[in-house]
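1. Prediction below, plus the sequence it came from.
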Number of protein chains: 4
Amino acid sequence: MSRILLTGFEPFGGEKVNPSELAVKQLEGKTIAGLEVVAGVLPVVTVKCIDEAVKLIEKYEPVAVLNVGQAGGRVELSIEKVAINVKDYRIPDNEGNQIRYAPVVEGGPDAYFATIPVEKIADSLVEKVIPASVSYTAGTYCCNEVFYGVSHYLRNNKPGVLNGFIHIPFILEQAAGAKPPRASMPLEVIVKGLEIAVEVVAEGLEK
Amino acid sequence: MSRILLTGFEPFGGEKVNPSELAVKQLEGKTIAGLEVVAGVLPVVTVKCIDEAVKLIEKYEPVAVLNVGQAGGRVELSIEKVAINVKDYRIPDNEGNQIRYAPVVEGGPDAYFATIPVEKIADSLVEKVIPASVSYTAGTYCCNEVFYGVSHYLRNNKPGVLNGFIHIPFILEQAAGAKPPRASMPLEVIVKGLEIAVEVVAEGLEK
Amino acid sequence: MSRILLTGFEPFGGEKVNPSELAVKQLEGKTIAGLEVVAGVLPVVTVKCIDEAVKLIEKYEPVAVLNVGQAGGRVELSIEKVAINVKDYRIPDNEGNQIRYAPVVEGGPDAYFATIPVEKIADSLVEKVIPASVSYTAGTYCCNEVFYGVSHYLRNNKPGVLNGFIHIPFILEQAAGAKPPRASMPLEVIVKGLEIAVEVVAEGLEK
Amino acid sequence: MSRILLTGFEPFGGEKVNPSELAVKQLEGKTIAGLEVVAGVLPVVTVKCIDEAVKLIEKYEPVAVLNVGQAGGRVELSIEKVAINVKDYRIPDNEGNQIRYAPVVEGGPDAYFATIPVEKIADSLVEKVIPASVSYTAGTYCCNEVFYGVSHYLRNNKPGVLNGFIHIPFILEQAAGAKPPRASMPLEVIVKGLEIAVEVVAEGLEK
């Protein structure tokens, strides 16, 4: 059976959990629309986050890669359209690197669009009453870095493999008691949303 | 059996639903911690909103009144502490009245605090992983008007009856597809939150 | 000549300056619409902030008191309508006190409205192209505490003296380079706004 | 003398003015760091906005192009890093076109980075106490469209000419009286910021 690789991230920025890790682990091992879900967790550390993602791709040989990351403050699922060749960290990564104004890949193209059908995924989610939209900025932290790095790796090494990135909000556990208040979404809603995203990716592959 | 009156509001501001109406209807008829839940829906119309609330109080003779309203944009349950003697509408009500800089009750006190244990409710919700906090402004629209009007009526006519107001976020149905994006909370989470609030109110009554 | 007392606050929350201190010092000693401006700076410390404000009132015997405070994140001048009898600090004060769910004055009324003409001040500012509006929450930190404490003191000791509170945004110096970005307003615009507020207060006194 | 072309936009979205038009007109005809400022105003209409920008470039033969646009809600000057090959309008343009999920240039690269020194401009502005930062999304409306279209035209036709885009906040006139409140910046601060940006561009050219 063909595989889809889902990755989450470890916690960062003082959080105890990362909902992206929790979400992809819930989907790991499931079969969705004919695709077997394999999963992994990436470090929130520059360069190593891409290396680990590439290692997982080489291990699992998936037909599609969906990286997932926490975007605190967002109120819906953000189906990211564009990875840019920039690292500009607002906070240090988990090994203390705070990078400013640097490229992800020296000499790489300015940006890569996702190759999964982001518009169709966003529209399907909305239709199924899950707040979501296409997002045109994945930030300039490790999320964008992995998105760009994986895009770059796949275009150069496995051009048939689709990839994309989905940003998810905080979950209720991260919002309850937070001062100032935080937007959040229950983990179940996020997991259901990712499942729908995988279905739309799978449909595209069948054609 | 003693009764608690829950009220919601009809839709306003171009919305198709009002989650406060949906939520209180789901709880109507239930027994929570020994209290029978009775419910009603208030018009989003100045003066009439208070009149309808008072009518429901006189009909049901509850031991506590919990008014519930939609606060679009908020990210958690807001357990309102204070009703102020001000009407200052940012948008017209459902009959087209746009009131500025006016009192709810001519000559009334500047404000009334809720008499339900707002701090205990907020803390209990957080403990049960439902994003919530005490809020110190219920706005200056029909929500605050009902909150103030009911407070004023009860202090003057039924001083033993407790009352308070809870603001709730948009639900997923109102957020999915909205531009710009909107914070939201599933109706089930809101309903569960209101149930916990009623339990805390009931505990206070038992003492 | 009659005096108006303007107070600002010392810096807090890790800031190097407090624009309210800078603003009132620029107006100190001026004569505006027949009122001599006297000024003072209050500590961001519970109880002491009120004590210092009262000391200044007793020293200067002003006909009106206008307390000014920084409200980081706000985008306009907030002419505060209501002081509530609550202390609920999100961050510790400058002596490390972090108070939750407590009254400013045990047994005091739930709230006091400002006695300066807040609506007229807001409308005059807008007319003179300074972003401003009446605000219905002064928070639950030292700003609200001073506003409530001064209101309580004046009603009980000097009932003819008017008082009110104006919240002001960060200034450019606090916003330039801040991550994440911060709303701000140049100090000159804030000072001009306060001057207009004093003029409106003075007009009211003349009648 | 070498010329720099500054463009603003006509008003849109129900606004009476567009601060980008007002700002570039104030700089038109000035000489800044050895560059003569020429200026033009672009329609907020798909395709036509690019056509007009290209016409101005062909007319003036500038050594650098700086497009400026209003970004309501932003709190600082956004020095845009990246133009993406997407049109996805949240509101219709001034001729009623509401485009979703379309490319600016069919078959064009996914994105173009600005060729002016965006990082240096942002840092210089902060140093001179003007709130500013590098922004990594210029949106998907006419602003991004012009930015992408001009980038594409210049790379293919005049590869030596530098270009970039700066988003500016609402001005005080657009914020005073607005409900809900709006972040704003005085026009003078914006104009001073653009002047500094032009200086930094000029310095780069001299090398």
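-> Structure's in. What do you need?

2. just the helices in chain A please.
-> A:19-27, A:48-60, A:118-127, A:142-157, A:172-175, A:187-206 (DSSP state H).

3. Spit out the contact partners of the residue nearest the centre of chain A.
-> Central residue of chain A (CA atoms, centre = their mean): A:Val68, 2.3 Å from the mean position. A:Val68 is in contact with A:6-9, A:20, A:23-24, A:165-168, A:194, counting by CB atoms under 8 Å, 6 or more residues apart in numbering or on different chains. From N, CA and C alone the C-beta is placed, and that goes for glycine too.

4. let's see it at 6 Å
-> A:8, A:20, A:24, A:166 (CB atoms under 6 Å, 6 or more residues apart in numbering or on different chains).

5. To D:Glu106, which of the helices of chain A lies closest?
-> Smallest distance to D:Glu106 across those (CB to CB): 16.1 Å, for helix A:118-127.

6. which secondary structure elements does that closest one contact?
-> strand A:77-80, strand A:132-135, helix A:187-206 (3 or more CB pairs under 6 Å, 6 or more residues apart in numbering or on different chains; DSSP states H and E).

7. on that earlier part again, now tabulate the helices of chain A in JSON lines and tack on mean pLDDT and mean neighbour count.
-> Converted to JSON lines, the helices of chain A look like this (pLDDT from 0 to 100; neighbours: other CB atoms under 10 Å in any protein chain shown):
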{"stretch": "helix A:19-27", "mean pLDDT": "98", "mean neighbour count": "22"}
{"stretch": "helix A:48-60", "mean pLDDT": "98", "mean neighbour count": "17"}
{"stretch": "helix A:118-127", "mean pLDDT": "98", "mean neighbour count": "20"}
{"stretch": "helix A:142-157", "mean pLDDT": "98", "mean neighbour count": "23"}
{"stretch": "helix A:172-175", "mean pLDDT": "98", "mean neighbour count": "21"}
{"stretch": "helix A:187-206", "mean pLDDT": "95", "mean neighbour count": "19"}
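
8. can you put those helices in JSON lines and add distance to D:Val45?
-> JSON lines is the format used below for these (distance: least, CB to CB, whole Å):
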{"stretch": "helix A:19-27", "distance to D:Val45": "40"}
{"stretch": "helix A:48-60", "distance to D:Val45": "41"}
{"stretch": "helix A:118-127", "distance to D:Val45": "23"}
{"stretch": "helix A:142-157", "distance to D:Val45": "32"}
{"stretch": "helix A:172-175", "distance to D:Val45": "42"}
{"stretch": "helix A:187-206", "distance to D:Val45": "33"}
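
9. Pull up the residues of chain A that are close to chain B.
-> Counting by CB under 6 Å from any CB of the partner chain, chain A comes close to chain B at A:75-76, A:126, A:129, A:131, A:172-173, A:175-177, A:181, A:183-184.

10. State the pair within the residues you listed that is farthest apart.
-> Taking CB to CB, no two of these sit farther apart than A:Val126 and A:Gly177, at 30.2 Å.

11. Identify the residues contacting A:Ser151.
-> By CB under 6 Å, 6+ apart, A:Ser151 lies in contact with A:83, A:112, A:163.

12. any idea how far C:Glu36 is from the last one?
-> So that's A:Asn163. A:Asn163 sits 69 Å away from C:Glu36, going by CB to CB, to the nearest Å.

13. The two - which one has more neighbours?
-> Neighbour count, other CB atoms under 10 Å in any protein chain shown: between A:Asn163 and C:Glu36, A:Asn163 has more, with 26 against 16.

14. Tell me what that one is bridged to.
-> In this structure, A:Asn163 bridges to A:Val65 when assessed by DSSP bridges.

15. now swap in A:Ile168 and tell me
-> What pairs with A:Ile168, by the bridge criterion (DSSP bridges), is A:Gln70.

16. neighbours around it, how many?
-> By the criterion of other CB under 10 Å, A:Ile168 has 28 neighbours.

17. thought it was touching A:Ile190?
-> Yes - here A:Ile168 reaches A:Ile190: they are 5.0 Å apart, a contact under CB atoms under 6 Å.

18. Show the contacting residues for A:Thr140.
-> A:86, A:88, D:136.

19. Out of these, who's the most crowded?
-> A:Val86 (24 neighbours).

20. Tell me how far the closest residue to that one other than its chain neighbours lies from A:Tyr89.
-> Spatial nearest neighbour of A:Val86, chain neighbours left out: A:Thr140 (4.9 Å); criterion: CB to CB, 6 or more residues apart in numbering or on different chains. To A:Tyr89, A:Thr140 is 7 Å away according to CB to CB.

21. Which positions in chain A make contact with chain D?
-> A:82, A:84, A:101, A:110-111, A:113, A:119, A:136-137, A:140.

22. Now which of these would you call buried?
-> Buried members of these, scored by 16 or more other CB atoms under 10 Å in any protein chain shown, are A:82, A:84, A:110-111, A:113, A:119, A:136-137, A:140.

23. how about a markdown table for these, with distance to A:Pro159 added?
-> Formatted as a markdown table, those follow (distance: CB to CB, whole Å):
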| residue | distance to A:Pro159 |
| --- | --- |
| A:Val82 | 19 |
| A:Ile84 | 20 |
| A:Asp110 | 19 |
| A:Ala111 | 17 |
| A:Phe113 | 14 |
| A:Glu119 | 21 |
| A:Tyr136 | 24 |
| A:Thr137 | 25 |
| A:Thr140 | 26 |
